[in-house]
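Undergrad: just the structure for this:
(3 chains)
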Amino acid sequence: MEFTVKQIAALLGGTVDGNESLKISQLSKIEEGKEGSISFLANLKYEPFLYSTASSAVIVNKDFQPRQPVQATLIFVDNSYSAFTILLEHVNRLKQAEKVGVEQPSFIADSARAGDRIYRGAFSYIGENCVIGENVKIYPQAYIGNNVTIGNNTIIHPGVRIIDNTVIGSNCVVKANAVIGSEGFGFAPEADGTFRAIPQMGIVIIEDNVSIGANTTIDCATVGSTIIRKGVKLDNLIQVAHNVEIGKNTVIAAQTGIAGSTKIGENCIIGGQTGITGHISISNRTKIGGRTGVMNSVKTEGQSLSGMPAFDVKSSLRSSVVFQRLPTLEKRIDQLEKKLNNQ
Amino acid sequence: MEFTVKQIAALLGGTVDGNESLKISQLSKIEEGKEGSISFLANLKYEPFLYSTASSAVIVNKDFQPRQPVQATLIFVDNSYSAFTILLEHVNRLKQAEKVGVEQPSFIADSARAGDRIYRGAFSYIGENCVIGENVKIYPQAYIGNNVTIGNNTIIHPGVRIIDNTVIGSNCVVKANAVIGSEGFGFAPEADGTFRAIPQMGIVIIEDNVSIGANTTIDCATVGSTIIRKGVKLDNLIQVAHNVEIGKNTVIAAQTGIAGSTKIGENCIIGGQTGITGHISISNRTKIGGRTGVMNSVKTEGQSLSGMPAFDVKSSLRSSVVFQRLPTLEKRIDQLEKKLNNQ
Amino acid sequence: MEFTVKQIAALLGGTVDGNESLKISQLSKIEEGKEGSISFLANLKYEPFLYSTASSAVIVNKDFQPRQPVQATLIFVDNSYSAFTILLEHVNRLKQAEKVGVEQPSFIADSARAGDRIYRGAFSYIGENCVIGENVKIYPQAYIGNNVTIGNNTIIHPGVRIIDNTVIGSNCVVKANAVIGSEGFGFAPEADGTFRAIPQMGIVIIEDNVSIGANTTIDCATVGSTIIRKGVKLDNLIQVAHNVEIGKNTVIAAQTGIAGSTKIGENCIIGGQTGITGHISISNRTKIGGRTGVMNSVKTEGQSLSGMPAFDVKSSLRSSVVFQRLPTLEKRIDQLEKKLNNQ
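TA: Next up, the predicted model:
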């Protein structure tokens, strides 16, 4: 993709000081600029880079006045940061729209149906009775099992595995090598010390506007459904066990694990590497710090928690500070006892 | 798959009250029933759902007497819960048995041998000198390197990577995107601060009846074997480092990591997100809570541990409770000192 | 691969006592030897195994004198341990050199260029405008997106996903199912409680001699680059978020997570399951124990840290010991208060 400075200025409603016909093919930070790249200056802490940047063009606020000569062409806009974001989104949309059509070899069962403007990459697999919406992108080497439904505009990245009977909504993104609908981890102990697998006959339902990270795993329910509600955002390497439900707009950072049958509320924010035990409920708008261990239901909405086991974040931090003084505390107790015994 | 109520009643040794010719194509919870689904009622807490369920049929205990009119057809059996489990297993067996044959394109080296009734999915790869047993299912896009042995009835899910020389037993399940036999993490420091890779020439041996979770990684040994004994069940996203040995029937929950050369006993139960350091031994029947950090060998059998570092689970929980009061404890010590100094 | 004892002795500069024409096809521990395998004896603790091993040959120190009859052929060398390591590396080099050529079907865009002596496995995918160096191995089912650069001698294992615009140096190893360059986890909250994805337009740069573990994920930068410097070694199942930079020769064990925009110094050693928060800096030569939670920048070089939150490793261990006595400590405070109040 390549734009002229003039085209970008028109997109952003800005005015140009410099060469309007320069060609821009990349976005970069102002301190890492190259010929052909465009940057922005919002925080004046970065102003010195403006005078040395190799970027061809820089987006600045319309009231900004350079204090030294500037090599780069400037685009003046109302708000340089949000203008840059608009540019990012514009480029991103163009990039996403590029892929259409079918690469060969790829596999699709005769009984599967796919909507218009689909991309099916080489070595992708679509099983029996699947229903794939319009404008869906299925990247190379992705696997869609039997009876899977995928809504419009959803993007399935390379190497994703979507196991039989999964339902995925519209406008979702599933990142590379994520596994959705794999059998839950359920085993019944036998008298001889071995374990017998409990058949996992349920499914996974993922509603609209959900994002699922790379190498994340979401297991199917034993019976019924594991449910990821509208607008949930899951980072990489997360484990979601069988029969979990995650409420809408909840955001969970990388490497967190949620054990079986737990229900997480709406609009929660959960830090990375957190562990949440099975068969509990977390209320709406709960904030959980990174590396927290949640072992009990959270019944009041809007709490902030951290620690292992989890409790109020402020108290938890205070206890952590005292923890570092524990050897001293013990010595002080020793001395108190000595003194008191010597009285 | 579709059954009549009559067929299901025959399978379960039950009697029918209602329409025997209804068609059943799905199993569901009684509170989530739909037309065409069958549910069960065991815990009478759920009895109210019986009178409103949309399930076509419900399995109930033979001594159960409805207190209101029931729309659904009822199947009376000795024990409704275990009957439902039998039905689950029956459906599961039928489901697993479906896949046989070879989809194209798929890759198998001339020197590889595969038993009868194998399923090889599209884009699967089988390297030189592999020996694959009977009734093995290798799903699409799975990779089997050179000199790999796989026993009868084992299921290799989509995107699994089994690296050269791995030995896998019979009746195993390896879930999607698991990696078995990748090079161990071994590096020798050089004088200039760089690290040189130590060649990892060993293998992974997985015995019979083992289950391995999605995106789990099991590294090959440096020399010798990383060994997963009979009946071990590993959940998703687990890391098993080089030269580890896991004893038979041990069950390990998601996101746990085991460092190099550690030996875990038989019939252990290990909670999720646990970390076990390298070069230690864990005795048989050890129970380890979730998020535990095990830093030393566990020499006595049958202990229950938790905490970081791990110690007796009850003491650990007691310490955790006092941890939450640490700031108060410190204040009490302050006051004791003041009092004593003022005497 | 098969060697005679004579060939191996020549490679190692050793002398043979026994049958020089024996054929060796495997390396094994002395206690796990089989016909056709070669072992070594360095630590005399293992001497008893020498007299019972089934290995065809054993490498021993030149001053070693057996005290009982030995079945195996012996190879005498200056240092048996380092001789065995040389043998390991020799075999490994031969093994790595085996794979050359293109298996079909595989996919390469017309605009992509690949150097000499490349291996491209079946079902591998190489997108538009890629530049792949000489002697690169791209294993089956690996995915290389558009505009990716890969240096000479780099090995891309099966199922690796390298997303668009990633730059990978020479002599790197990327293990199975790792994901490099996936979109970073960046979302902006909207007024209605939903989150909007912030376009992730940056890239990942991986310098020379880097090793990346199985199922590890490295996200691309929002703008600019996520950078993994020369000689870094990453284990399995690690999360590296957007805009992170890892300094040269740093080694990180499995399941560690590094949040966005954090900068890690050179020659650091970081234990497994560690979590490092976003937007901080870790100085060179920092050592971080397993399961540590790093919540603040580490400004002094060469420190050793552990705990949650991280502090000096020795103090942290001392606090952990006192933690186990917390209930007793509380009781002692109770008693002190009683005594003092009764005075």
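
Undergrad: for the stretch 201-343 of chain A, what spans make up the helices?
TA: Secondary structure of the stretch 201-343 of chain A by DSSP state H, counting those that start in this stretch: the helices cover A:313-323, A:326-342.

Undergrad: deepest of the ones you listed, which one?
TA: When the helices of the stretch 201-343 of chain A are scored by mean count of other C-beta atoms under 10 Å in any protein chain shown, the highest mean neighbour count falls to helix A:313-323 (a mean of 17). Backbone N, C-alpha and C define where each C-beta goes, glycine included.

Undergrad: out of the helices of the stretch 201-343 of chain A, the one nearest residue C:99 is which?
TA: Nearest of those to residue C:99, taken as C-beta to C-beta: helix A:313-323 at 51.0 Å.

Undergrad: what's the average pLDDT for that closest one?
TA: Helix A:313-323 shows a mean pLDDT of 96.

Undergrad: residue A:138 is in contact with residue A:154, isn't it?
TA: No - judged on C-beta atoms under 8 Å, residue A:138 makes no contact with residue A:154 at a distance of 9.0 Å.

Undergrad: who's more crowded, those two?
TA: residue A:138 (30 against 24; other C-beta atoms under 10 Å in any protein chain shown).

Undergrad: do you know which of the helices of the stretch 201-343 of chain A lies nearest chain B?
TA: helix A:313-323 (4.0 Å; C-beta to the nearest C-beta).

Undergrad: and the closest one, what does it pack against?
TA: With contacts defined as 3 or more C-beta pairs under 8 Å, 6 or more residues apart in numbering or on different chains; DSSP states H and E, the packing partners of helix A:313-323 are strand A:304-306, helix B:326-342.

Undergrad: now the angle from the last one to helix B:313-323?
TA: So the one you mean is helix B:326-342. On the basis of axes from the mean of the first three to the mean of the last three C-alpha atoms, to 10 degrees, helix B:326-342 is oriented at 70 degrees to helix B:313-323.

Undergrad: for helix B:326-342, list the C-alpha coordinates in CSV.
TA: What follows is helix B:326-342, C-alpha atoms only, in CSV (Å, rounded to 0.1, in the frame of the first residue of the first chain):
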residue,chain,number,x,y,z
LEU,B,326,0.0,-8.8,58.4
PRO,B,327,-0.3,-5.0,58.6
THR,B,328,-2.3,-5.4,61.8
LEU,B,329,0.2,-7.9,63.2
GLU,B,330,3.0,-5.4,62.6
LYS,B,331,1.0,-2.6,64.4
ARG,B,332,0.4,-4.9,67.3
ILE,B,333,4.1,-5.5,67.6
ASP,B,334,4.8,-1.8,67.4
GLN,B,335,2.4,-1.2,70.3
LEU,B,336,3.8,-4.0,72.4
GLU,B,337,7.2,-2.5,72.0
LYS,B,338,6.0,1.0,72.9
LYS,B,339,4.2,-0.3,76.0
LEU,B,340,7.2,-2.4,77.1
ASN,B,341,9.6,0.5,76.6
ASN,B,342,7.3,2.9,78.6
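
Undergrad: from residue B:288, how far out is residue A:107?
TA: From residue A:107 across to residue B:288, the span is 43 Å (C-beta to C-beta, to the nearest Å).

Undergrad: and these two? which has more neighbours close in?
TA: In this view residue A:107 and residue B:288 are compared by other C-beta under 10 Å, and residue B:288 has more residues nearby, 26 against 23.

Undergrad: ok, the more buried one - contacts?
TA: If a contact means C-beta atoms under 8 Å, 6 or more residues apart in numbering or on different chains, then residue B:288 has B:268, B:269, B:270, B:271, B:274, B:282, B:294, B:304, B:305, B:306, B:310 as its contacts.

Undergrad: which one of the helices of the stretch 201-343 of chain A lies nearest to residue C:81?
TA: Using C-beta to C-beta, those put helix A:326-342 closest to residue C:81, at 41.0 Å.

Undergrad: so for the closest one, mean pLDDT?
TA: Taken as a whole, helix A:326-342 has a mean pLDDT of 93.

Undergrad: if we can go back for a sec, let me know the closest of the contacts of residue B:288 to chain A.
TA: Sorting the contacts of residue B:288 by distance to chain A puts residue B:271 at the head of the list, at 8.7 Å, by C-beta to the nearest C-beta.

Undergrad: list the contacts for the closest one?
TA: B:253, B:256, B:288, B:289, B:290, B:291, B:292, B:306.

Undergrad: give me the nearest residue to the second one, chain neighbours excluded.
TA: Take residue B:256 and drop its neighbours on the chain: the residue closest to it by C-beta to C-beta, 6 or more residues apart in numbering or on different chains is residue B:274, 4.5 Å away.

Undergrad: equivalent analysis for the first one, please.
TA: The spatial neighbour of residue B:253 that comes closest, neighbours along the chain excluded (C-beta to C-beta, 6+ apart), is residue B:272 at 3.7 Å.

Undergrad: my guess is that neighbour contacts residue B:238. True?
TA: No - using C-beta under 8 Å, residue B:272 makes no contact with residue B:238, being 9.0 Å away.

Undergrad: could you list the residues of the stretch 151-300 of chain A in contact with chain B?
TA: Contacts of the stretch 151-300 of chain A with chain B, taken as C-beta under 8 Å from any C-beta of the partner chain, map to A:159, A:161, A:163, A:177, A:179, A:182-183, A:185, A:187, A:193-195, A:197-199, A:201, A:215, A:217, A:219, A:223-225, A:237, A:239, A:241, A:255, A:257, A:259, A:273, A:275, A:277, A:293.

Undergrad: which residues touch residue A:112?
TA: Applying C-beta under 8 Å, 6+ apart, we find residue A:112 in contact with A:126, A:127, A:128, A:129, A:130, A:131, A:132.

Undergrad: the fourth one: how many residues sit nearby?
TA: Neighbour count of residue A:129, defined by other C-beta under 10 Å: 16.

Undergrad: any idea how far residue A:160 is from it?
TA: To residue A:160, residue A:129 is 19 Å away according to C-beta to C-beta.

Undergrad: drop anything exposed from the contacts of residue A:112.
TA: A:126, A:127, A:129, A:130, A:132 (16 or more other C-beta atoms under 10 Å in any protein chain shown).

Undergrad: generate a ChimeraX selection restricted to the buried subset of the contacts of residue B:288.
TA: What follows is the ChimeraX syntax for the buried subset of the contacts of residue B:288, where burial is set by 16+ other C-beta under 10 Å:
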select /B:268,269,270,271,274,282,294,305,306,310
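
Undergrad: if we can go back for a sec, from the contacts of residue B:271, pick the one nearest residue B:111.
TA: Within the contacts of residue B:271, the smallest distance to residue B:111 is 37.2 Å, found for residue B:256 (C-beta to C-beta).

Undergrad: am I right that that closest one is in contact with residue B:276?
TA: Yes - taking C-beta under 8 Å as the definition, residue B:256 is a contact partner of residue B:276 at 7.4 Å.

Undergrad: which residues are common contacts for those two?
TA: Listed as contacting both residue B:256 and residue B:276 by C-beta under 8 Å, 6+ apart are residue B:270.

Undergrad: out of everything not next to it in sequence, what's closest to residue A:28?
TA: Nearest residue to residue A:28 in three dimensions, chain neighbours excluded: residue A:37, at 4.1 Å (C-beta to C-beta, 6+ apart).

Undergrad: who's in contact with the one you found?
TA: Contacts of residue A:37 were listed using C-beta under 8 Å, 6+ apart, and they are A:24, A:25, A:26, A:27, A:28, A:54, A:55, A:56.

Undergrad: can you lay out the residues you listed as a markdown table showing neighbour count and distance to residue B:245?
TA: Shown next, in a markdown table, are the contacts of residue A:37 (neighbours: other C-beta atoms under 10 Å in any protein chain shown; distance: C-beta to C-beta, whole Å):
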| residue | neighbour count | distance to residue B:245 |
| --- | --- | --- |
| A:24 | 22 | 58 |
| A:25 | 13 | 54 |
| A:26 | 20 | 51 |
| A:27 | 21 | 51 |
| A:28 | 22 | 50 |
| A:54 | 15 | 56 |
| A:55 | 28 | 56 |
| A:56 | 24 | 60 |
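
Undergrad: and which of those is nearest residue A:341?
TA: Of all the contacts of residue A:37, residue A:28 has the smallest distance to residue A:341: 70.8 Å, by C-beta to C-beta.
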